[in-house]
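Student: Give the three-dimensional model of this entry:
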Amino acid sequence: MHIQIAENIKLAPLVEGDAADILKIVNLSRESLGAFLPWVEGVNNIESAKKYILDRVNSGLNGSRWFKIYYKDNLSGVFAVKSICPDLNIAELGYWLSSDAQGNDIISQVIAKVPSILKNTSTKVIEFRCLEQNVASIKIALKSGASLVGTIPNFVSVNNTLQQLNIYQVDL
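Tutor: Numbers count the residues shown, from 1 in each chain. Okay, the predicted model is just below:
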């Protein structure tokens with residue numbers, strides 16, 4: 001099952017067999033991804049890439065759906081509905097792109113299609129969680145119309161710097 005986002009952008013389910021390709025793009029983008037994604041350091045061989053994928057696709061979280069992003073027919077990143085809280089009807093989104101795919105408005109175009117991706121769910125609100133220094137992800141959240149609704153201080157240390165996690169939400 002593919003989801004066509006735009007002429008050059010499509011989503012397909014993320015599967016264990018994608019491990020070699022995921023490892024390749026993580027290796028090519030390690031510096032840019034590692035600045036904000038603590039898991040990057042641990043994805044350094046084929047087995048750890050498989051574990052990265054399986055931990056996500058088998059998370060057991062309500063409504064979780066993980067996709068690989070193709071841009072111009074190249075695997076370029078991952079997009080996810082990480083979970084849907086059934087009590088609050090909030091869907092948390094997650095995503096990352098390879099360095100060479102960044103700057104092409106890919107994630108904003110994917111997010112514009114989220115209402116159709118979530119049409120058969122109870123979702124009423126989309127949530128983005130961005131580290132305070134991840135300016136690119138914050139811009140994407142704000143561009144989608146989301147507002148800052150909360151923070152979690154000292155959430156994670158990345159490059160020996162404690163960062164707070166900003167929580168943004170927008171009505172679907």
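Student: Can you name the next helix or strand after the helix or strand hosting Leu93?
Tutor: Secondary structure assignment for Leu93, by DSSP states H and E: strand 90-97. For strand 90-97, the succeeding helix or strand toward the C-terminus, using DSSP H and E, is helix 106-112.
Student: Tell me the buried residues in that following helix?
Tutor: For helix 106-112, the neighbour count (16 or more other Cβ atoms under 10 Å) marks Ile106, Ile107, Val110, Ile111 as buried. C-beta: built from backbone N, CA, C; applies to glycine.
Student: Which strands border the strand holding Leu93, and is each parallel or antiparallel?
Tutor: In the sheet, strand 90-97 lines up against strand 74-85 (antiparallel), strand 125-131 (parallel) (DSSP bridges).
Student: can I get the ones you listed in a markdown table with mean pLDDT, distance to Leu14 and mean neighbour count?
Tutor: Below are the strands paired with strand 90-97 laid out as a markdown table (pLDDT from 0 to 100; distance: least, Cβ to Cβ, whole Å; neighbours: other Cβ atoms under 10 Å):
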| stretch | mean pLDDT | distance to Leu14 | mean neighbour count |
| --- | --- | --- | --- |
| strand 74-85 | 97 | 6 | 20 |
| strand 125-131 | 96 | 19 | 21 |
